[in-house]
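**Q** No sequence on hand, only this structure:
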């Protein structure tokens with residue numbers, strides 16, 4: 001009996017440790033329920049350990065009552081814990097009061113069993129060698145309370161099973177281990193009730209030795225106690241954005257439907273698994289910014305997601321992180337489209353006036369330190385008004401568009417923009433004067449040889465080009481534009497279809 005009692009006391013110590021640690025470490029309702037369950041088990045099995053060591057009726061009766069201060073509340077607490085795990089909601093207060101009311105009645109009847117035979121009709125002492133054991137003669141209310149407590153444990157096990165089924169029968173979840181912890185007490189309670197156990201031996205406390213192992217594993221391997229209230233406060237299950245939570249060891253704690261539908265590895269089987277085991281998860285975690293974007297391929301389509309990260313703090317200590325994300329692919333595409341519209345000419349799909357000016361200015365600034373040259377070509381379509389008058393404005397637009405395409409093809413390294421109307425600017429960021437003249441002649445020659453329009457409205461055009469080159473530190477955008485404009489004016493006045501450089 002000494003060995004059995006020592007084993008019970010050691011197990012009670014484990015439950016006391018989990019009781020104290022959960023109360024000190026965590027501040028939420030699930031932790032309180034878990035702690036009270038651990039305390040009830042500890043008191044119950046330590047009381048039974050003392051009962052086994054007692055040798056007189058007085059002390060055996062005392063420790064029987066001591067056990068019931070815990071045993072009466074253990075099955076309802078177990079059920080409340082399972083309900084909280086299953087529903088992720090608090091049990092209604094009315095239901096809690098109803099559950100524990102019978103526990104208080106049982107405790108009262110047990111404490112007053114000397115004066116009534118409703119719970120215990122009597123206690124007989126059975127001697128086994130040097131030890132004395134108690135044989136309980138059951139009263140009518142004993143059967144009522146025993147069946148009630150058994151149903152509480154059975155209901156708790158059923159809820160754990162339902163939760164486990166929802167989590168696709170993964171063994172890496174709380175519900176599986178709590179279900180395992182419920183099975184031995186249920187089996188031993190049946191054996192004890194029908195008298196299969198040796199006379200005077202209560203098998204239920206010994207079944208809780210296994211529960212200590214499963215509780216300990218749930219507590220330290222899958223310690224989700226700290227997260228539940230945070231998760232509930234965010235009500236992320238109703239949010240359209242994806243949310244997932246990891247603990248301080250990067251283990252997956254929970255997630256909402258939006259998150260699991262985006263990332264397949266966010267599923268119940270992977271709860272408690274390190275997010276670093278998944279390539280996408282590692283890519284997310286490796287980014288240390290509070291707000292960032294990552295690109296992933298989903299169903300063969302490249303998607304952009306914006307992530308916002310919040311640290312979960314408790315008593316100044318980081319206990320995990322909450323990731324909120326949304327698909328910003330369409331938003332980014334809309335922004336890119338707006339940026340494109342703001343910087344490009346829609347007819348020619350080249351830079352517009354403002355953007356080409358900005359590029360020229362940037363090139364001048366980049367070359368200030370080195371003193372390198374910047375060249376600019378200003379191109380004008382000769383007699384463009386006659387094309388509009390003769391063939392119409394649609395044909396004129398076609399000529400402008402095709403001219404821009406030929407310019408881009410003839411000057412591969414150049415930056416091309418539409419200056420306005422039928423005029424274009426071609427920026428050669430590092431070209432010297434002779435290089436700019438060569439490029440201008442190539443463009444002019446290509447345009448002269450090209451045929452524009454359809455078969456019934458073929459059009460041939462020429463262009464005039466003004467070439468400006470600026471070298472040194474004190475050149476400005478206005479200077480380069482004016483210089484190119486003057487060169488263009490000279491090309492037009494000297495007969496058109498020419499490239500002139502000042």
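**A** That came through, no problem. As the structure is a computational prediction, the values presented were derived from the model and not from experiment.
**Q** hey, where'd the strands end up in this structure?
**A** All strands of the chain, identified by DSSP state E, fall at 120-128, 131-138, 242-247, 252-255, 291-298, 301-314, 317-327, 344-345, 350-351, 373-381, 415-420, 423-428, 463-471, 499-501.
**Q** Which positions in the first one come out as buried?
**A** Okay, so that is strand 120-128. residue 120 (16 or more other CB atoms under 10 Å). Where you see a C-beta, it was placed from the backbone N, CA and C, and this is true even at glycine.
**Q** helices or strands next to that strand in the packing?
**A** helix 57-71, strand 131-138 (3 or more CB pairs under 8 Å, 6 or more residues apart in numbering; DSSP states H and E).
**Q** Against which helices or strands is the last one packed?
**A** It refers to strand 131-138. Judged by 3+ CB pairs under 8 Å, 6+ apart, strand 131-138 is in contact with helix 29-53, helix 57-71, strand 120-128.
**Q** What of the first one?
**A** Applying 3+ CB pairs under 8 Å, 6+ apart, one finds that helix 57-71 makes contact with helix 29-53, helix 93-111, strand 120-128, strand 131-138.
**Q** what comes into contact with that helix?
**A** With CB atoms under 8 Å, 6 or more residues apart in numbering as the contact definition, helix 57-71 has outside contacts at 39-44, 47-48, 50-51, 54, 106-107, 110-111, 114, 123, 125, 132, 134, 149.
**Q** For these, I'd like a selection string for ChimeraX - just the buried members, please.
**A** A single ChimeraX command is used to select the members of those judged buried by 16+ other CB under 10 Å:
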select :39,40,41,42,43,44,47,48,50,51,54,106,107,110,132,134,149
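**Q** Distance to residue 479 and mean pLDDT for the strands of the chain - can I get that in JSON lines?
**A** Shown next, in JSON lines, are the strands of the chain (distance: least, CB to CB, whole Å; pLDDT from 0 to 100):
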{"stretch": "strand 120-128", "distance to residue 479": "109", "mean pLDDT": "79"}
{"stretch": "strand 131-138", "distance to residue 479": "108", "mean pLDDT": "80"}
{"stretch": "strand 242-247", "distance to residue 479": "54", "mean pLDDT": "92"}
{"stretch": "strand 252-255", "distance to residue 479": "60", "mean pLDDT": "88"}
{"stretch": "strand 291-298", "distance to residue 479": "41", "mean pLDDT": "94"}
{"stretch": "strand 301-314", "distance to residue 479": "42", "mean pLDDT": "92"}
{"stretch": "strand 317-327", "distance to residue 479": "48", "mean pLDDT": "92"}
{"stretch": "strand 344-345", "distance to residue 479": "24", "mean pLDDT": "94"}
{"stretch": "strand 350-351", "distance to residue 479": "20", "mean pLDDT": "96"}
{"stretch": "strand 373-381", "distance to residue 479": "10", "mean pLDDT": "96"}
{"stretch": "strand 415-420", "distance to residue 479": "16", "mean pLDDT": "95"}
{"stretch": "strand 423-428", "distance to residue 479": "14", "mean pLDDT": "96"}
{"stretch": "strand 463-471", "distance to residue 479": "6", "mean pLDDT": "95"}
{"stretch": "strand 499-501", "distance to residue 479": "15", "mean pLDDT": "94"}
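**Q** can I get those strands in a markdown table with distance to residue 261?
**A** Compiled in a markdown table, those are given as follows (distance: least, CB to CB, whole Å):
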| stretch | distance to residue 261 |
| --- | --- |
| strand 120-128 | 57 |
| strand 131-138 | 55 |
| strand 242-247 | 8 |
| strand 252-255 | 10 |
| strand 291-298 | 10 |
| strand 301-314 | 13 |
| strand 317-327 | 11 |
| strand 344-345 | 37 |
| strand 350-351 | 41 |
| strand 373-381 | 53 |
| strand 415-420 | 44 |
| strand 423-428 | 48 |
| strand 463-471 | 57 |
| strand 499-501 | 61 |
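**Q** Nearest to residue 488, out of these?
**A** Taking CB to CB, strand 463-471 is the member of these nearest to residue 488, at 2.9 Å.
**Q** what angle separates that closest one from strand 423-428?
**A** Angle, strand 463-471 to strand 423-428, by axes from the mean of the first three to the mean of the last three CA atoms, to 10 degrees: 40 degrees.
**Q** Where do the domain boundaries of this protein fall?
**A** Annotated domains of the chain cover 2-221, 228-327, 344-501 [automatic domain parsing].
**Q** Out of the ones you listed, the one nearest residue 335 is which?
**A** Nearest to residue 335, of all the domains of the chain, is domain 228-327, at 10.7 Å by CB to CB.
**Q** By residue count, tell me the biggest helix in the protein.
**A** Secondary structure of the chain per DSSP state H: the longest helix is helix 140-166.
**Q** pLDDT of that one, averaged?
**A** Per-residue pLDDT values over helix 140-166 give a mean of 91.
**Q** can you check stretch 432-440 too?
**A** For stretch 432-440, the per-residue pLDDT averages 95.
**Q** Any idea how far that stretch is from the middle of the chain?
**A** Taking CA atoms, centre = their mean, to the nearest Å, the mean C-alpha location of stretch 432-440 is offset from the chain mean by 56 Å.
**Q** Quick one: residues in contact with that stretch.
**A** Applying CB under 8 Å, 6+ apart, the external contacts of stretch 432-440 come out as 373, 375-377, 410-411, 414, 426, 428, 431, 465, 467, 469, 471, 499, 501.
**Q** do that again at 7 Å, thanks
**A** 373, 375, 377, 411, 414, 428, 431, 465, 467, 469, 499, 501 (CB atoms under 7 Å, 6 or more residues apart in numbering).
**Q** Would you format those as CSV with distance to residue 323 included?
**A** Below are these laid out as CSV (distance: CB to CB, whole Å):
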residue, distance to residue 323
373, 51
375, 51
377, 52
411, 48
414, 45
428, 48
431, 50
465, 56
467, 56
469, 54
499, 59
501, 59
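**Q** Quick one: buried ones out of those residues?
**A** Buried subset of those (neighbour count, 16+ other CB under 10 Å): 373, 375, 377, 411, 414, 428, 431, 465, 467, 469, 499, 501.
**Q** Check the residues you listed against residue 401 and report the nearest one.
**A** residue 411 (16.7 Å).
**Q** How about the contacts made by the closest one?
**A** If you count contacts by CB under 7 Å, 6+ apart, residue 411 has them with 426, 439, 443.
**Q** Quick check: the gap between it and residue 298.
**A** 40 Å (CB to CB, to the nearest Å).
**Q** ok, back up a step: for the longest helix of the chain, packing partners?
**A** Identification of packing neighbours for helix 140-166 by 3 or more CB pairs under 7 Å, 6 or more residues apart in numbering; DSSP states H and E yields helix 74-87, helix 93-111, helix 174-193.
**Q** from these, which stretch is densest packed?
**A** Highest mean neighbour count among the helices and strands packed on helix 140-166 (mean count of other CB atoms under 10 Å): helix 74-87, with a mean of 22.
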